[in-house]
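1. how would this look folded up:
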Amino acid sequence: MTRSAPDSGPARRTLLAAAAGAALAATTAAAGAAHAAAGPAAPRAKAPARPVDNRTWTTQADWRSGTGKGTRVVAGARPGVTLAKAAGRTTYTDPHLNRTAQWEYAEWLSPEHRLRVPATEVIASWNAHTPPGTWIQVELRGTYTDGTRTPWYVMGRWTAGDDEHVDIRRTSVDDQSDGKSSIWTDTFSIDDAASGLRLVAYGLRLRLLRAPGAKAAPTVWRLGAMGSDVPDRFTVPASTPGLAKELPVPRYSQNIHSGQYPEYDNGGEAWCSPTSSQMIIEYWGRRPTAQQLSWVDPSYADPQVCHAARFTYDYQYEGCGNWPFNAAYAATYKDLQGVVTRLSSLGDLETLIAAGIPAITSQSFLKEELTGAGYGTSGHLMTVIGFTAEGDVIANDPASPSDAAVRRVYKRAEWETIWLRTKRRNASGSVVSGTGGVCYLYFPAHPTPQQRKALAAVGVR
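-> Numbers count the residues shown, from 1 in each chain. Prediction:
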């Protein structure tokens, strides 16, 4: 059966694919023009091979490097920034609850970050604690190679809860564009990469909000963004196998949930992202409590998958496939953190697996392009849990008929192509975009030295 966009809500990834396809179509040819447009620069070291730039604020020094209005830096084992006193009030009309309310807020503004890789795409990630009645808004403003700036783009309005009496609905924000770039749900994208335009710097603005006079406050302990300019490619160089190892990641099928909870996109093929997230959350020894799962129909198997779908759901996108929302959900569990990034090769995945870190990867493919899958997809998330002695990929594929059938072995070269390419042909022969190595990583708040070294090796800290 041909499967259409398991991780997408109504046309979301199709729209993103169209934008990303345009942005990536001329990356290699335009790279020189982008640097020329930036003007002369001081001599610099050889450009990094990795076409990705990650910048994250996590330490006490990081938080103190920004500018706060009404915020306070939280010290301790997990430094962060929190709302200490109101810097102002704002009115927010929740489009999904049709409710207008007053909120008091504080703001934190990051220093401007100069991208090592002038970018066609940027994806923000955050990890936060939002008690009932509190929420956060993450915004990005960038500088183009022509010296002009973007507006402040909203990258997400997020809260962990969904109590309609005190919380907002977590949501992405549509219809954001300045004629040079646009926001496609969770992704900043240059509209026309063939022009040579790139983003060369950005700042992040964090707004922390709560009901006026409330004592509870949101706290953010991880904030950052991944900028990338992935080379335009239908194929990728074959890598040499370097690891034989398999991690004991739980197996959950999304397909056994088909038709469940239409208010959270109806289960089944729409739930690949939260199902994959739940597998790795439980690999790290965390899971919802019985009380947290009490809302789920007791006749449903694997109620924690339903829970993950509910609490990753993006009410604007109308689906559970918002990448940063999944990472933020994982980080609501004790001592976990999550990030969205891009990796460059299966060697990167081997580095992570060797350190005990599985990964959730995003890919699209025709049925005949991935032997043994039995379906094709315009967008799907799987969990990579290891490699065979031959170097083939061991994946927990949630698009399976049962939990027992989730573990799959996919051919290395086929997997490498469908995950890392940026262009492919669909069933009608038209050229559409690929994901270019997008993945999410969930790992302990305090990684072991081996884990920290592996994360640093793939550009994450």
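2. number of nearby residues for Gly285?
-> Gly285 has 11 neighbouring residues, counting by other C-beta atoms under 10 Å. The C-beta positions use only the backbone N, C-alpha and C, and glycine is treated the same way.
3. any idea which residue sits dead centre in the protein?
-> Residue closest to the mean C-alpha point of the chain, counted by C-alpha atoms, centre = their mean, is Trp323 at 3.1 Å.
4. where do the helices sit along this protein?
-> 12-24, 27-37, 60-64, 272-283, 303-312, 323-330, 346-354, 412-420, 449-457 (DSSP state H).
5. re earlier: could you pull up the contacting residues of the closest residue to the residue nearest to the centre of the chain other than its chain neighbours?
-> Sequence neighbours aside, Val340 is the residue nearest to Trp323 in space, at 4.6 Å (criterion: C-beta to C-beta, 6 or more residues apart in numbering). By C-beta atoms under 8 Å, 6 or more residues apart in numbering, the residues touching Val340 are 123, 125, 186, 226, 323-324, 327, 438-440.
6. In strands, which of these fall?
-> With DSSP state E as the criterion, strands contain 123, 125, 226, 438-440 from among those.
7. Which one of these sits in the busiest neighbourhood?
-> Of all these, Ser125 has the most neighbours under the rule other C-beta under 10 Å, reaching 29 neighbours.
8. Specify the beta-bridge partners of that one.
-> Gly224 (DSSP bridges).
9. That one against Ala331, yeah?
-> No - using C-beta atoms under 8 Å, Ser125 is not in contact with Ala331; the gap is 9.1 Å.
10. what sits in contact with each of these two?
-> If you check Ser125 and Ala331 against C-beta under 8 Å, 6+ apart, the residues they both contact are 222, 338.
11. Roughly how far does Asn322 sit from Asp397?
-> Separation of Asn322 from Asp397 (C-beta to C-beta, to the nearest Å): 21 Å.
12. My error: substitute Ala327 in the last question.
-> 20 Å.
13. can I get the helices of the chain in CSV with mean pLDDT and distance to Gln292?
-> Putting these into CSV (pLDDT from 0 to 100; distance: least, C-beta to C-beta, whole Å) gives the following:
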stretch, mean pLDDT, distance to Gln292
helix 12-24, 39, 27
helix 27-37, 35, 44
helix 60-64, 98, 30
helix 272-283, 98, 13
helix 303-312, 98, 6
helix 323-330, 98, 12
helix 346-354, 97, 29
helix 412-420, 95, 33
helix 449-457, 98, 27
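14. Need those in TSV (columns: distance to Thr235).
-> Shown next, in TSV, are these (distance: least, C-beta to C-beta, whole Å):
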stretch	distance to Thr235
helix 12-24	14
helix 27-37	13
helix 60-64	39
helix 272-283	25
helix 303-312	32
helix 323-330	25
helix 346-354	14
helix 412-420	6
helix 449-457	25
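15. for those helices, which one sits closest to Ala87?
-> With C-beta to C-beta as the measure, helix 60-64 is the member of the helices of the chain nearest Ala87 (16.2 Å).
16. Let me have the closest one in PDB, keeping just the CA atoms, if that works.
-> What follows is helix 60-64, C-alpha atoms only, in PDB (Å, rounded to 0.1, in the frame of the first residue of the first chain):
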ATOM      1  CA  GLN A  60      24.600  29.600  33.500                       C
ATOM      2  CA  ALA A  61      27.100  31.500  31.400                       C
ATOM      3  CA  ASP A  62      25.000  31.100  28.300                       C
ATOM      4  CA  TRP A  63      21.900  32.500  30.000                       C
ATOM      5  CA  ARG A  64      23.800  35.400  31.500                       C
END
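17. List the buried residues for that helix?
-> Using 16 or more other C-beta atoms under 10 Å as the test for burial, helix 60-64 gives 62-63.
18. elements contacting that helix?
-> Contact partners of helix 60-64 among helices and strands, from 3 or more C-beta pairs under 8 Å, 6 or more residues apart in numbering; DSSP states H and E: strand 71-74.
19. The strand it packs on pairs with which strands, and in what direction?
-> Strand pairing for strand 71-74, using DSSP bridges, gives strand 80-83 (antiparallel).
20. Which positions in the partner strand come out as buried?
-> Those would be 80-83, for strand 80-83 by 16+ other C-beta under 10 Å.
21. Same check on stretch 161-173?
-> 161, 166-173.
22. worst-scoring helix or strand of the protein, pLDDT-wise?
-> Every helix and strand of the chain was ranked by mean pLDDT, DSSP states H and E. The lowest is helix 27-37, at a mean of 35.
23. Where do the domain boundaries of the protein fall?
-> Annotated domains of the chain cover 29-38+48-228, 245-457 [automatic domain parsing].
24. what pairs with the residue nearest to Trp323 across the strands?
-> Residues in beta-bridge contact with Val340 (DSSP bridges): Tyr440.
25. how close does it get to Ser433?
-> Taking C-beta to C-beta, one finds Val340 at 17 Å from Ser433.
26. What are the neighbouring residues in contact with Thr59?
-> Pro79.
27. so how far is Val406 from it?
-> According to C-beta to C-beta, Thr59 stands 37 Å off from Val406.
28. Repeat that for Met279.
-> 8 Å.
29. tell me the contacts of Arg407?
-> Applying C-beta under 8 Å, 6+ apart, the residues contacting Arg407 are 251, 385, 394-397.
30. ok so, going back, now do the shared contacts for Met279 and Val406.
-> The contact lists of Met279 and Val406 share 251-252, 396, 398, where a contact means C-beta under 8 Å, 6+ apart.
31. Please tabulate the residues you listed in TSV and include distance to Leu209 as additional columns.
-> Output for these, formatted as TSV (distance: C-beta to C-beta, whole Å):
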residue	distance to Leu209
Arg251	39
Tyr252	34
Asn396	37
Pro398	34
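32. Okay, and which of the residues you listed map to strands?
-> Of the shared contacts of Met279 and Val406, the ones assigned to strands by DSSP E are Asn396.
33. Would you mind giving the shared contacts of Met279 and Val406 as a markdown table with distance to Ser345, neighbour count and pLDDT added?
-> Shown next, in a markdown table, are these (distance: C-beta to C-beta, whole Å; neighbours: other C-beta atoms under 10 Å; pLDDT from 0 to 100):
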| residue | distance to Ser345 | neighbour count | pLDDT |
| --- | --- | --- | --- |
| Arg251 | 26 | 21 | 98 |
| Tyr252 | 27 | 27 | 98 |
| Asn396 | 21 | 27 | 98 |
| Pro398 | 24 | 29 | 98 |
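34. Looking at the shared contacts of Met279 and Val406, which one is closest to Val154?
-> Pro398 (29.8 Å).
35. Would you check how far apart the closest one and Ser273 are?
-> 9 Å.
36. Overlap in contacts, these two.
-> Joint contacts of Pro398 and Ser273 (C-beta under 8 Å, 6+ apart) are Leu381.
37. related to what we said a few turns ago, between all of the contacts of Val340, which two are separated the most?
-> Pairwise over the contacts of Val340, using C-beta to C-beta, the maximum falls at Asp186 and Cys439, 14.0 Å.
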